[in-house]
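In: Got a sequence here, can you build the structure:
(one chain, ligands or ions: 1)
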Amino acid sequence: MRVLVTPDYRTLSRTAAELLIKALHAKSNLRLGLPTGRTPLGMYEELVKKHQEEHLDFSKLMTFNLDEYLGLPSDHPKSYHTYMKQHFFEQVNISPTNIHIPDGSPGIDADRESERYEKAIHDAGGLDLLVVGIGANGHIAFNEPGSAFDSRTRAVDLAPETIANATQYFGSDRVPARAITMGIGTMLEARRILLLAAGTSKADAVDRALRGPVSPDVPASALQLHPRVIVILDEAANHHRVDC
Ligand code: PGA
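Out: I've put the predicted structure just below:
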């Protein structure tokens, strides 16, 4: 595991974007796993800038998002479909047929949709690179504490702290209690993984994920089992406190 500590969020975002661009230059039809949330916003901004200013070509890129809320129409303002459109897809030249996000629309058969999603990743030849954030409780994608390391794409209940954290984005709307998420087993099959974490609220989870015991109590600790992980932190997420 390579850990890069950057001085600030801007540098973290640029470093992540550069790594992704390098992977895209090496393989234009890259199979890329992508996160949502606050952490990757700066990375998406950098990528959009590269497209607008230097015509970085995304036309052959194939993307697979990590997760989606269950019970929200995909055009709901807080769905991850909407997030991805706003922050990335509508601002670059990705082909719409190359975009994959689990369908969490109301009434969807979540088990069938999860199976379909797993198969789509498999049929694409697997993920070359997976970008992922970490929750303050150690979750990766929506694999909450207790998730099995061999879990596959499936419907899950969100942890109370995950729901509480999401209320800041949902305002008066109710945060969905369930989601479809790639499993930890699904994610560990990606050839390379890039973990991003910024801010003091993540420092403890990062410490437990990188340096603690490998345990389903801390889903991100599963990344210790993967041979090719790069972690990019800002200074604030790297405060490894030692009690004296
Ligand atoms: P965040 O979420 O980027 O919004 O902090 C990360 C996560 O919970 O996985």
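
In: I'd like the next helix or strand past the longest helix along the chain.
Out: Across the chain, the longest stretch assigned as helix under DSSP state H is helix 9-26. Per DSSP states H and E, the first helix or strand lying C-terminal to helix 9-26 is strand 31-34.

In: And the residue sitting nearest the centre point of the chain, how far from L66?
Out: For the chain, the residue nearest the mean C-alpha position is P35 (2.5 Å; C-alpha atoms, centre = their mean). The spacing between P35 and L66, counted by C-beta to C-beta, to the nearest Å, is 5 Å. Using the backbone N, CA and C atoms, a C-beta is placed for each residue, glycine as well.

In: Can you work out which residues contact both of the two?
Out: Common neighbours of P35 and L66 (criterion: C-beta atoms under 8 Å, 6 or more residues apart in numbering): 132, 141.

In: in the helix or strand of the chain with the lowest mean pLDDT, what's buried?
Out: Least confident helix or strand of the chain, by mean pLDDT, DSSP states H and E, is helix 160-170 with a mean of 95. The neighbour-count check on helix 160-170 (16 or more other C-beta atoms under 10 Å) flags 162, 165-166, 170 as buried.

In: Okay, now the sheet partners of the helix or strand that it is followed by, with direction.
Out: Remark: after helix 160-170, the chain's next helix or strand is strand 178-181, criterion DSSP H and E. Here strand 178-181 is paired, per DSSP bridges, with strand 67-69 (antiparallel), strand 154-157 (antiparallel).

In: Can you say which of these is nearest to the ligand?
Out: Nearest of the strands paired with strand 178-181 to the ligand, taken as C-beta to the nearest ligand atom: strand 67-69 at 8.9 Å.

In: got any ranges where the protein has weak pLDDT?
Out: 240-244 (pLDDT under 70).

In: Helices along this structure, start to end?
Out: Using DSSP H, helices in the chain cover 9-26, 41-54, 80-87, 110-123, 160-170, 184-188, 203-211.

In: Point out the most buried one among those helices.
Out: helix 184-188 (a mean of 22; mean count of other C-beta atoms under 10 Å).

In: So what touches it?
Out: By C-beta under 8 Å, 6+ apart, helix 184-188 touches 33, 66, 118, 121, 130, 132, 140-141, 143, 147-153, 193, 219, 222-223, 225-226.

In: residue contacts, the residue nearest to the centre of the chain?
Out: Contacts of P35 (C-beta under 8 Å, 6+ apart): 65-66, 131-133, 141, 196.

In: at 6 Å instead, please
Out: Contact analysis of P35 by C-beta atoms under 6 Å, 6 or more residues apart in numbering lists 66, 131-133.

In: Same question for I230.
Out: 2, 194.

In: How about the residues of this structure by the ligand?
Out: The chain comes close to the ligand at residues 37-39, 133-135, 139, as judged by C-beta under 6 Å from any ligand atom.

In: State the pair within those residues that is farthest apart.
Out: The most widely separated members of the residues of the chain next to the ligand, counting by C-beta to C-beta, are R38 and H139 (14.3 Å).

In: Who has more neighbours out of the two?
Out: H139 (27 against 13; other C-beta atoms under 10 Å).

In: Please name the nearest non-neighbouring residue to the more buried one.
Out: Nearest residue to H139 in three dimensions, chain neighbours excluded: P219, at 5.3 Å (C-beta to C-beta, 6 or more residues apart in numbering).
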